[in-house]
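**Student:** my questions are about this predicted structure, shown below with the sequence.
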Amino acid sequence: MTHDSALPDTPTPRPTRRRALQTLGAGGAVIALGGLGAGAHRLLSAHLPGNAEISLYSSTVAVDGDGRRTLLAPPSGSGSAGSADSSPRLEPGTRLLAGTPADSPAARRADSFVGRAETWLAEVPDDFADLARSAVWDLWTLSDGLPAPVAGWSTSWRYIWPRDTAFCAVALARIGHADTALDHLAHLQDLQSADGWFEARYSPTTGEAPDERPRQFDGTGLALWAAAEVIGTQSGSARASARRRLDPLLMTSRDALLRATDHGTQLPPVSPDYWEVSERAVTLGIMASTLAGLEAAGRLDGEGAERDGAEAFRRVLVTSFGPHGFQRRARSGGADSALAFLDATGSHGIVGPDQLRALRTSLARPAGGIAPGARWRRDGVSWTPSTSLLALGLARAGDADGARDLLEWLDQHRTRDGSLPEKVLADGSPAAVAPLAWTAANVLLTLDALRES
C-alpha cells in the first residue's frame, strides 16, 4: 500500500522499491534506526504462505528534550494496547522519552501542540478520548521540526508522501492547527512540479525524490482538496491570507487536473496510486482523487470552468466505473478500499453507505480490519490506512455507527505504547510501522466528522 506493499494476487510489473532485507536486533529496548526494508518485505511477502508473520518494527516513537526521535522496540509479550506494560519508557500520557525535562525545548513544543488541540479533544466522546489524544501525539512526533509529516520514522517510511500530507493537513486544521497545516501545504506547493504533478515521496531534508519510482497523479487532486479544506476552516482575513499563500498550489493543481482530463470529459492519465505498483489502466484511486481536486476547485472558485469540469468528470467516473460496481479498474480488479476516498473527500452521492459497508465483507481480514483491495495478497493482514479511510468515508457519508465500529477496532489494535500501527496480523497483533501518520490523520478526521454529525 502506501509505504510497504505486499504484492497483490494478480500479476503486476516488477515493483519499483529496491531495498535490501534488514532484520531487527533481538536485544535492547530501543531501535536506533529503521526495521525491515519496505522493498525487501514486499519480496518476502510474495513467498509467504497463508497468514503472514511480520514484526512490529517499533511500538512508538519517543522524542527527547532536544527533539531527537527514537524508535522504541515493542515490550516483550503481547504488542497490543491494554496489555500489562513493562518499565516506563515514556513520560505518562505523552510521546516524550521518560526523564525528559518539562522545560526542555521539545517538551515545551509538545505542550503547545497538544494544548492547542485541547478544545477539540474536549468534544471527543469519552470512549474515544485516549485514541484521539494518542493520534494527536502521533502526528506531533512525525511532524515536529519537519517541513511536513513523514509517513513513519522507520527508515523506509521517513519520507513525505503528498497523499499522506494532504490528509494530515486537513486533520491538523480541524483540531486547531490551521497555521501548521498551511505550512505543510506550502511545502507541498514548493515541491510541486510546474506541470502540477508530484513525485511519489520526498526527502524531508533535501526535498528530492529518494528513488526513481514513477510520479503519482493522485497527489495533485488530494493536495488541492486539502488546501480547499484547510482554507475552509478559516474566516475573514485569515481565510483570505490562507488563500493568497496557497494560490500557486491551487492554480497549478487546478490547471493540471483540467488539462489532464480535457476539462473533465476524459479519464486522467494512468498512474500508480496508493497501492504504489505500476498500472496499465486508470484506477479508482486516481479517479477519486482527481474528482476530489476538481470539486474542491469548483467550491473555491465557483466559476463556470471549474464547476463544469467537476460536474463533467463526476459523470465520467459514474459512467465508466459505475456499471461494473466501482471496481479497482473500470471493468475489473474487484473491490478497492479507494471507494472510501469519494465520501472521505466530499464527493457524496456517488455511492451509498451500504456500498461502503460492503467493503467490510469483500475486503475482510481475519482480525477484523480490511485489505486495500480484493486482489490484494491474501496474507491475513489488515491495513490500518484502508480501515481508517473507510471509517472516515462512512462518517462523512452519515453512517456514524459504521464509523464508530471501525474506530473501536482501531483503538483495540494499537501498540502497547498506544500508537496506531500500519498493519494488524491475523491474530490481532499490531505489525510493521508504528505510528503511521496517515492512519492517525484519518482517525482524527473520523472523530471530527462524528463530532459534527
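**Tutor:** Structure's in. What do you need? Numbering: from 1, shown residues only.

**Student:** please count neighbours and contacts with C-alpha atoms only from this point.
**Tutor:** Fine.

**Student:** can you give me the strands for the stretch 251-400 of the chain?
**Tutor:** Secondary structure of the stretch 251-400 of the chain (DSSP state E, counting those that start in this stretch): strands located at 382-383.

**Student:** my read is residue 442 is in a helix, agree?
**Tutor:** Yes: secondary structure of residue 442 (DSSP: H, G, I helix; E, B strand; the rest coil): part of a helix.

**Student:** which stretches of the protein have low pLDDT?
**Tutor:** Where the chain drops to pLDDT under 70, the residues are 1-49, 77-88.

**Student:** buried ones in stretch 272-287, by neighbour count?
**Tutor:** 272-278, 282-287 (16 or more other Cα atoms under 10 Å).

**Student:** could you do stretch 155-175 as well?
**Tutor:** 156-175.

**Student:** how about CSV for the buried residues of stretch 272-287, with distance to residue 132 added?
**Tutor:** As requested, these are exported to CSV (distance: Cα to Cα, whole Å):
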residue, distance to residue 132
272, 31
273, 28
274, 25
275, 27
276, 29
277, 32
278, 35
282, 35
283, 32
284, 30
285, 27
286, 29
287, 31
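
**Student:** isn't residue 102 right up against residue 110?
**Tutor:** No: contact criterion Cα atoms under 8 Å: residue 102 and residue 110 do not qualify, at 9.9 Å.

**Student:** ok, the two, which is more surrounded?
**Tutor:** Between residue 102 and residue 110, counted using other Cα atoms under 10 Å, residue 110 has the larger neighbour count: 22 against 14.

**Student:** any idea which helix or strand carries the more buried one?
**Tutor:** helix 105-116 (DSSP states H and E).

**Student:** now swap in residue 168 and tell me
**Tutor:** Counting by DSSP H and E, residue 168 is found in helix 162-174.

**Student:** ok, now residue 119?
**Tutor:** Here residue 119 is assigned to helix 118-121, by DSSP H and E.

**Student:** pull out the buried positions in that helix.
**Tutor:** Buried-residue list, helix 118-121, by 16+ other Cα under 10 Å: residue 121.

**Student:** output it as CSV - backbone C-alpha positions only.
**Tutor:** The C-alpha atoms that make up helix 118-121 are tabulated as CSV, following Å, rounded to 0.1, in the frame of the first residue of the first chain:
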residue,chain,number,x,y,z
GLU,A,118,-7.4,20.6,23.9
THR,A,119,-10.6,22.4,22.9
TRP,A,120,-11.2,19.9,20.1
LEU,A,121,-10.2,17.0,22.3
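
**Student:** show me what it is packed against.
**Tutor:** Packing partners of helix 118-121 (3 or more Cα pairs under 8 Å, 6 or more residues apart in numbering; DSSP states H and E): helix 129-141.

**Student:** what sits against residue 59?
**Tutor:** 71-75, 79, 415-419, 434-435 (Cα atoms under 8 Å, 6 or more residues apart in numbering).

**Student:** ugh, wrong one, residue 299
**Tutor:** Counting by Cα under 8 Å, 6+ apart, residue 299 has contacts 228, 307.

**Student:** ok, it to residue 231 distance?
**Tutor:** Distance, residue 299 to residue 231, by Cα to Cα, to the nearest Å: 11 Å.

**Student:** do I have it right that residue 97 meets residue 104?
**Tutor:** No: contact criterion Cα under 8 Å: residue 97 and residue 104 do not qualify, at 11.6 Å.

**Student:** all good on my end, thank you.
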